[in-house]
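Enquirer: Give me coordinates for this.
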Amino acid sequence: ALVAKRKPVLVHAFWAEEAAFLASLATRGRSLPLACTLMGQDARPHNRWLRFLPLSRLHTAAVSDFQAEAWRQATGRDASTVIPWGIGEDVFSEKIFSKKKYDLLGVGSLIPLKRFDRFLETVEKLLPERPDLRAAIVGSGPEAPRLEAMSKARGLPVEFLGQQPREKALELMRQSRLLLHTAEYESFGYVLAEALACGAAVVSAPVGFAYGHPHIRTAADPAGWAAHCAEALASPWAPKDARALLPRVADSAELYLDWYRRIRS
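Expert: The predicted structure is shown next:
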């Protein structure tokens, strides 16, 4: 009824799950292009909605090359385009702290997918050469008690700061030399781009925005992350070049408008 009333020229769903399924019903039998932005784990094989979606007529936008590859492995199809999330101008503060409070910062939900136990293992590997290391984790979740107990048992210099307002989390990024991100999967990983915008260096698993990024060091395990962290902490970091490459909101909007034009042509 909404499609008949509004007479759209294109229907765009976000998430290749219920939203895309309902959009497919609304466009069925109509000459309306069906677009969908892949948002997160909907690009992975365990997404039960994939078998209900009309993949042959679904135009998909991935938010990173990493997610596009996950979609290819899950469906055997290429994403139609890759459009990264743009970073808001409010993140690009000129207030880059010269004196840093933390050497390593982790930001995210304390859930198994984010693998913060690997963050702690990386800190442990760094300590013999950097006994004065200062680290902190921002976030909350069901893994918090286990992670805090693990950190205490191993005598790690990690502060658990809990859930913080976004502005406070951004300020902590500006006060940190390096963001360490050990997640198993990210579609984009907005925190990675935010950290670069805030002037921090980034070491990460090769997921989301970090995958193939020229200014992000990537590895797959604590030994690799520790080596990259040690190198990054020992090297001068000039964030200007990394910040210049970050996509802005206006860039993403223009890419979507261009994609819509191509879909409709």
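Enquirer: mind checking pLDDT for the residue lying closest to E89 once chain neighbours are set aside?
Expert: Once flanking residues are discounted, E89 sits nearest to R248: 7.0 Å by C-beta to C-beta, 6 or more residues apart in numbering. (C-beta placed from N, C-alpha, C; glycine too.) On pLDDT, R248 comes in at 93.
Enquirer: In contact with R248, which residues?
Expert: Applying C-beta atoms under 8 Å, 6 or more residues apart in numbering, we find R248 in contact with G86, I87, E89.
Enquirer: would you turn the residues you listed into a markdown table with secondary structure, pLDDT and distance to E69?
Expert: A markdown table is the format used below for these (DSSP: H, G, I helix; E, B strand; the rest coil; pLDDT from 0 to 100; distance: C-beta to C-beta, whole Å):
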| residue | secondary structure | pLDDT | distance to E69 |
| --- | --- | --- | --- |
| G86 | coil | 94 | 21 |
| I87 | strand | 92 | 23 |
| E89 | helix | 85 | 30 |
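Enquirer: neighbour-wise, which of the residues you listed leads?
Expert: The most crowded member of the contacts of R248, judged by other C-beta atoms under 10 Å, is I87 (20 neighbours).
Enquirer: tell me which helix or strand of the chain sits lowest on mean pLDDT?
Expert: helix 2-6 (a mean of 60; mean pLDDT, DSSP states H and E).
Enquirer: Quick one: name whatever helix or strand follows that helix.
Expert: Later in the chain than helix 2-6, the nearest helix or strand by DSSP states H and E is strand 11-14.
Enquirer: Partner strands of that next one and their direction?
Expert: Within its sheet, strand 11-14 is paired with strand 34-37 (parallel), according to DSSP bridges.
Enquirer: distance between the partner strand and the chain's centre?
Expert: Centroid displacement of strand 34-37 relative to its chain, using C-alpha atoms, centre = their mean, to the nearest Å, is 20 Å.
Enquirer: Following element in sequence after that strand, please.
Expert: Next helix or strand after strand 34-37 toward the C-terminus (DSSP H and E): strand 58-62.
Enquirer: Contacts for that next one, please.
Expert: Strand 58-62 has contacts (C-beta under 8 Å, 6+ apart) with 16, 20, 24, 33-38, 43, 68, 71, 77, 79-83, 187, 256, 259, 263.
Enquirer: out of these, which are buried?
Expert: 16, 20, 24, 33-38, 43, 68, 71, 79-83, 187, 256, 259, 263 (16 or more other C-beta atoms under 10 Å).
Enquirer: Among those residues, name the ones in helices.
Expert: By the criterion of DSSP state H, membership of the buried ones among the contacts of strand 58-62 in helices covers A20, S24, A68, W71, Y256, W259, I263.
Enquirer: So the fourth one sits against S80, correct?
Expert: Pointing back at W71 there. No. W71 is beyond contact range of S80, at 10.1 Å (criterion: C-beta atoms under 8 Å).
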